[in-house]
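model this:
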Amino acid sequence: MSEDQNQHSEEGSFKEQIMRALEEGRKNREVESTKKANTTTRTSEVKKAISDDDDLASSYERLFGNRQKKKESTTAEQKSKPIDAKEEKVKKEELPELPKEEKTSEKAAPSSGSESKPEKRKETRKPSADKKRTIKEEQKNEPSTIRDKKTTSHHSNSKKTAKASSKQEELKVKAVKESHKDEHVEEEPSIFHRLGEKFDELRQMDEEFEGDLSEESNLKRAERRKEDRVVRKIVYILTIGILIVAGILAISGYNYVSAGLKPLDKNDKKLVQVEVPSGSSNRQIGDILEDGDVIRDGMVFNFYTKFKNLTNFQAGYYQFSPNMTLDQISKELQQGGSAEPLDDASKLTVPEGYDVDKIASLVAKKTDFKKEDFIKVMKDDKFFDQLKTQYPDLLTDAGNAKDVRYRLEGYLFPATYNVHKNRSLEDLVTQMVDTTNQVLTPYYNQIKEKGLTVQEVMTLASLVEKEGVTQSDRKKIAQVFFNRIDAQMALQSDISILYALGEHKEVVTIKDTEVDSPYNLYTNTGYGPGPFDNPSQEAILAVLDPTENDYIYFVADISTGKVYYAKTYEEHMELVEKYVNKEK
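Numbering: from 1, shown residues only. Coordinates of the predicted model:
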C-alpha cells in the first residue's frame, strides 16, 4: 500500500508540474499572439493554439501512458487483480491528462522536476522535428510494452488493452497530422504572408531610394532657390535703377521743356534784333533766336511750332525781347519782318496803367501814325466786331457793355511792340489785343467759377493797378473792393473820378467827386461801364486771387506810398488826417 501511495503522490506532483507548464505555455502564447497581431489574423492564432494544445495532449498521453504501463507491468507480477483494477483506473485518467504531456516532452523528461520555470517557457515550442522523433521512439517502444502486458496480464485485461492501444493509435495519427499541419504552417507561410513581406521589402527599398532622391532633390532645390534669390535681387535692383534713371530723365526732360516754353527772362525788356533769312526752317529760326538770347532752347521752339502747327514764318529783320513768350514770337514771325534793319525808334513800349488817350499820344510820338487816327480806330465798331469774332472769350463782355468810352479800353496789353512801316495801325492794335488774350487764356475758367465777367475783372484790375504799388497791397485793395460791392457800397475810387474828368490830378476835391459821368464811382455803385486803363498781369492776378480781409476803407500815404486800412469811417478819417492832410 505504501508503494501505491508513493506512486499516486508522484503522479500527483507530476500532473501539477504538467498543469503549471501548460498554463505558462498558454500565457506565453497569448503574449506572442499579441506581438504577431500585425502579420497574422486572430483566427489563425486561435487555430494554431488549439493545434498546439492537441499536440501537447497527444504527447502527454504517450509519455504518461508508457510510464504507467511500465509500472503496471512490474506490479502485475505481484498482484494480478488489484493491478487490473488500478490499470483500469489509470487508463480512465489517461484520457483527460494526455494533452498536457506534450509540453513536458518538448522541454525535458517527466522526472526532471528540478528545471526552473523560465527554462520551461523557452522550451514550450520546439521544432516539429523533435515532435517526429518523439513519436517514432514511442511507436518503437509501444510493441515492447504491449508484449510485456500480454505476458504479465490476464486474458481478461487483453481486450481493454487493445481498446486503449487503438485509441492511442488514433490519437497518434491525429497528432502526426496536426504536427504536419503545424510544420506546413510554420515552415511554409501563406501566399498572402509572402506577398505582404515582399511588399514591405519593396516599400522599404522605395523609401530608402526616395530618401536618397529627396536629399539630392532638396540640395538641388536649395541651390536653385539660392540662385533664384540672387537673380531676383539682381533683377529687382536693375529694375529699380532703371525706374529711378527713367524717372530722373522724365522729370528733367519735363522741367527742361517747361522752362523752354516760358520766356527766357520775364523782367528783361531789352530789345534784341535778329535776322531771319529767306527759306529758313523752324529749326533754323529756333537756333537763330537761341543764339540771340531771345529764347532758351531752339529745339523746344521747333517742337512747339510743329505741335501748334505754326507755319508761314516770314523772312526779315525782327526785334524781340527775352520777356516774350514763344507764341508772341511766333505771331511776330507770321506777320513778317522788316526788309531793312530796325532801330530803337521803330519799337513801341506801352507802360502799365496807360489808358487809350495816353497810348494814342505815345503812338503819335514814336511812330508815323497820328493820335487822331489811333482814337478813330478805337471807336470803329466794325473793327471791334472783327476783333470780337477773332477773340470771343476776351471781348464778348466788352461788346455787351453800355456807356463805355472806348470798347477796347483795358484790352491793350502794356508791352513792347514792333512797329513796321509796312504795317497798318489796325495791325498794331491787333497785336496788343492778341497779347491780352494770351495772358488771360489760362484764367477764363477761373473767372467763370468766381461768377465774374471778363469786363468786371479788367475793370477792378484797372483800379487796383493805380491804387496799389506792391503786389501785397494790390491783393488787399482788391478784397476791399469786393467787400464794398457785397455791401452795396460805392467803390469811391479817385481813379474813376480822374478818368471821368479826363485829366490827371494829384488831389481830388469834393467837387470833382460830383462830376456827372457813368464812370463816377462815388455816385454810382457797382463796377462802372468798364476799365479805366490797361492793367498789367499782376493787377489781373490780384483780382483773381485777393487777400481775405474785412476792411472797407483804405488810404495811401502820398510821400511813402504805404497803404493803411480801416473797418469804419471814423478810423478811415483819422488815417486821412494823419497821412494825407498832415502837411496842410
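
going forward, measure contacts and count neighbours with C-alpha atoms only.
Fine.

ok, Glu207 - contacts?
Taking CA atoms under 8 Å, 6 or more residues apart in numbering, we find Glu207 in contact with no residue.

ok, then the element right after the helix or strand where it lies?
Using DSSP states H and E, Glu207 falls within helix 191-261. Under the assignment DSSP H and E, the closest C-terminal helix or strand after helix 191-261 is strand 272-276.

list the helices and strands that next one packs on?
Helices and strands touching strand 272-276, by 3 or more CA pairs under 8 Å, 6 or more residues apart in numbering; DSSP states H and E, are helix 282-291, strand 316-320.

mean pLDDT lowest where, among these?
The stretch with the lowest mean pLDDT among the helices and strands packed on strand 272-276 is strand 316-320, at a mean of 85.

what angle sits between the next helix or strand after that strand and strand 316-320?
Counting by DSSP H and E, the element after strand 316-320 in chain order, helix or strand, is helix 326-335. On the basis of axes from the mean of the first three to the mean of the last three CA atoms, to 10 degrees, helix 326-335 is oriented at 160 degrees to strand 316-320.

so which of the helices and strands packed on strand 272-276 is the most surrounded?
When these are scored by mean count of other CA atoms under 10 Å, the highest mean neighbour count falls to strand 316-320 (a mean of 22).

outside of that one itself, list whatever touches it.
271-278, 294, 329, 336-342, 347, 418.

buried ones among those residues?
271, 273-276, 294, 329, 336-338, 342, 347, 418 (16 or more other CA atoms under 10 Å).

quickly name whichever of these is closest to Tyr236.
Minimum distance to Tyr236 across those is 45.5 Å, recorded for Val294 (CA to CA).

count of neighbours near the closest residue to the closest one other than its chain neighbours?
Excluding the flanking residues, the one nearest Val294 by CA to CA, 6 or more residues apart in numbering is Pro322, at 4.8 Å. Residues near Pro322, counting by other CA atoms under 10 Å, number 22.

pull stretch 416-426 out as PDB, backbone CA atoms only.
Listed next in PDB are the C-alpha coordinates belonging to stretch 416-426 (Å, rounded to 0.1, in the frame of the first residue of the first chain):
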ATOM      1  CA  THR A 416       6.800 146.300 -76.200                       C
ATOM      2  CA  TYR A 417       5.700 146.000 -79.800                       C
ATOM      3  CA  ASN A 418       7.400 146.300 -83.200                       C
ATOM      4  CA  VAL A 419       6.200 149.000 -85.400                       C
ATOM      5  CA  HIS A 420       6.900 148.300 -89.100                       C
ATOM      6  CA  LYS A 421       6.500 150.800 -91.900                       C
ATOM      7  CA  ASN A 422       4.600 148.300 -94.000                       C
ATOM      8  CA  ARG A 423       2.100 147.600 -91.200                       C
ATOM      9  CA  SER A 424      -1.200 149.400 -90.600                       C
ATOM     10  CA  LEU A 425      -2.400 150.900 -87.300                       C
ATOM     11  CA  GLU A 426      -5.000 148.100 -87.100                       C
END
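
in the stretch 151-300 of the chain, where is pLDDT below threshold?
151-189, 192, 209-214 (pLDDT under 70).

what of the stretch 451-584 of the chain?
If you take pLDDT under 70 as the line, the stretch 451-584 of the chain has these spans: 582-584.

the helices in it, which residues?
Using DSSP state H, counting those that start in this stretch, the helices found in the stretch 451-584 of the chain span residues 454-467, 471-486, 494-501, 537-544, 569-579.

buried sites along the one helix or strand Lys306 maps to?
Secondary structure from DSSP H and E places Lys306 in helix 298-307. Of the residues in helix 298-307, Gly298, Met299, Val300, Phe301, Asn302, Tyr304, Thr305 count as buried by neighbour count, 16+ other CA under 10 Å.

span of stretch 502-520 from start to end?
Stretch 502-520 has an end-to-end distance of 12 Å (criterion: CA to CA, to the nearest Å).

stretch 250-270 too?
33 Å.

contact partners of stretch 426-444?
Contacts for stretch 426-444 (CA under 8 Å, 6+ apart): 328, 377, 387, 391, 393-394, 411-415, 417, 419, 454, 537.

from those, which would you call buried?
Here, 16+ other CA under 10 Å leaves Val377, Leu387, Leu394, Tyr411, Leu412, Phe413, Pro414, Ala415, Tyr417, Val419, Val454, Gln537 buried among these.

least confident of these?
Val419 (81).

show me the contacts for that residue.
Counted by CA under 8 Å, 6+ apart, Val419 has contacts Ser346, Lys347, Leu348, Thr367, Leu428.

turn these into CSV, columns for distance to Glu227 and secondary structure.
Listed next are the contacts of Val419 as CSV, based on distance: CA to CA, whole Å; DSSP: H, G, I helix; E, B strand; the rest coil:
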residue, distance to Glu227, secondary structure
Ser346, 76, helix
Lys347, 73, strand
Leu348, 74, strand
Thr367, 81, coil
Leu428, 74, helix
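
CSV for those, including pLDDT and distance to Leu575?
Below are the contacts of Val419 laid out as CSV (pLDDT from 0 to 100; distance: CA to CA, whole Å):
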residue, pLDDT, distance to Leu575
Ser346, 68, 47
Lys347, 77, 44
Leu348, 86, 41
Thr367, 87, 45
Leu428, 91, 45
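
between those, which is closest to Asp557?
So of those, ranked by how close each gets to Asp557 (CA to CA), first place is Leu348, at 32.7 Å.

what is the neighbour count of that closest one?
19.

show me what contacts it?
Neighbours of Leu348 in contact, by CA under 8 Å, 6+ apart: Val363, Lys366, Thr416, Tyr417, Asn418, Val419.

distance check, it against Tyr406.
Counting by CA to CA - Leu348 and Tyr406 are separated by 21 Å.

swap in Asn309?
For Asn309, the distance to Tyr406 - CA to CA - is 35 Å.

more neighbours: which of these two?
Tyr406 (19 against 8).

in contact with that one, which residues?
Val356, Met378, Lys379.

count the residues that sit near the first one.
With neighbours defined by other CA under 10 Å, the count for Val356 comes to 22.

does it touch Pro531 like I think?
No. Judged on CA atoms under 8 Å, Val356 makes no contact with Pro531 at a distance of 10.6 Å.

which residues do the two both contact?
Joint contacts of Val356 and Pro531 (CA under 8 Å, 6+ apart) are Glu409.

nothing else from me, thank you.
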